[in-house]
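**Q** coords below, sequence missing:
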């Protein structure tokens with residue numbers, strides 16, 4: 001039984017095609033290249049291979065390379081002008097307002113970025129909490145403790161939480177703990193991950209009706 005819903009932020013509450021998350025990814029690569037003194041091509045490759053084992057690029061830089069200026073990283077990789085990429089869609093607010101569950105955001109982004117996005121989308125009101133990378137002491141998804149703390153904050157057990165994300169590894173880790181994963185797969189790229197999917201978060205009510213009827 002679903003008693004609460006946990007939402008990822010980037011590429012989940014808004015479409016991946018907006019380009020915002022791609023811009024963040026580009027900035028992470030630029031930052032990594034500069035910090036390690038390598039080309040952006042090399043940095044991109046390392047981020048897609050070595051960094052993935054650590055959950056986030058930030059955690060990888062900290063654990064492997066001794067990086068410590070976290071606030072500099074946060075400022076540089078998260079653009080201020082999210083409205084250049086995102087636009088208000090009243091359907092999102094309407095959908096969230098009708099969900100009869102406690103709701104929270106679980107993101108590996110910092111709270112500053114999350115609040116900018118939620119304000120731009122005009123949906124901050126509908127979430128009981130925003131659990132960012134600082135909330136999890138910079139060890140966010142897919143570390144189990146990030147999910148356990150989120151479930152605790154929602155006042156329920158992981159087994160009663162639906163978690164919606166656009167990245168299969170984060171959902172697989174949540175599923176391994178007994179939770180209910182749901183993939184947002186706008187482009188239909190992930191057809192063999194063993195996780196139910198919807199094209200956009202706006203399709204969530206249809207999915208919920210199907211599993212609860």
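**A** Thanks, I have it. These figures come from a predicted structure and were not determined experimentally.

**Q** C-alpha from now on. contacts and neighbour counts both.
**A** OK.

**Q** got phi/psi on residue 98?
**A** In terms of degrees, to the nearest 10, the main-chain angles of residue 98 are phi -100, psi 0.

**Q** how close does it sit to residue 69?
**A** 41 Å (CA to CA, to the nearest Å).

**Q** list the buried ones in the longest helix along the chain?
**A** Assignment by DSSP state H gives helix 20-36 as the longest helix of the chain. By 16 or more other CA atoms under 10 Å, the buried positions in helix 20-36 come out as 20-21, 24-25, 27-33.

**Q** and the protein, what are its domains?
**A** 4-15+88-212, 20-77 (automatic domain parsing).

**Q** dump these into JSON lines; add mean pLDDT as well.
**A** Shown next, in JSON lines, are those (pLDDT from 0 to 100):
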{"stretch": "domain 4-15+88-212", "mean pLDDT": "94"}
{"stretch": "domain 20-77", "mean pLDDT": "93"}
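
**Q** just those: most buried one?
**A** Across these, averaging neighbours per residue (mean count of other CA atoms under 10 Å) puts domain 4-15+88-212 on top, at a mean of 18.

**Q** how far is that domain from where the chain is centred?
**A** 7 Å (CA atoms, centre = their mean, to the nearest Å).

**Q** end to end on it, go ahead and measure it.
**A** Using CA to CA, one end of domain 4-15+88-212 lies 13 Å from the other.

**Q** got it, and stretch 145-163?
**A** Taking CA to CA, stretch 145-163 runs 14 Å from one end to the other.

**Q** tell me where the protein has helices.
**A** Here the chain has its helices, by DSSP H, at 20-36, 40-48, 57-65, 70-77, 90-97, 111-121, 144-153, 168-176, 204-212.

**Q** export those helices to CSV and tack on distance to residue 128?
**A** Shown next, in CSV, are the helices of the chain (distance: least, CA to CA, whole Å):
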stretch, distance to residue 128
helix 20-36, 24
helix 40-48, 33
helix 57-65, 26
helix 70-77, 24
helix 90-97, 12
helix 111-121, 13
helix 144-153, 9
helix 168-176, 20
helix 204-212, 18
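
**Q** to residue 6, which of those lies closest?
**A** The closest of those to residue 6 is helix 144-153. By CA to CA, the value is 7.8 Å.

**Q** helices or strands up against that closest one?
**A** helix 168-176 (3 or more CA pairs under 8 Å, 6 or more residues apart in numbering; DSSP states H and E).

**Q** what lies in contact with the helix it packs on?
**A** 141-144, 147, 163-165, 180-183, 190, 193, 195 (CA atoms under 8 Å, 6 or more residues apart in numbering).

**Q** which neighbouring elements make contact with the longest helix of the chain?
**A** helix 40-48, helix 70-77.

**Q** how far off centre is the last one?
**A** The one in question is helix 70-77. In terms of CA atoms, centre = their mean, the centre of helix 70-77 is found 17 Å from the chain centre.

**Q** thank you kindly, that will do.
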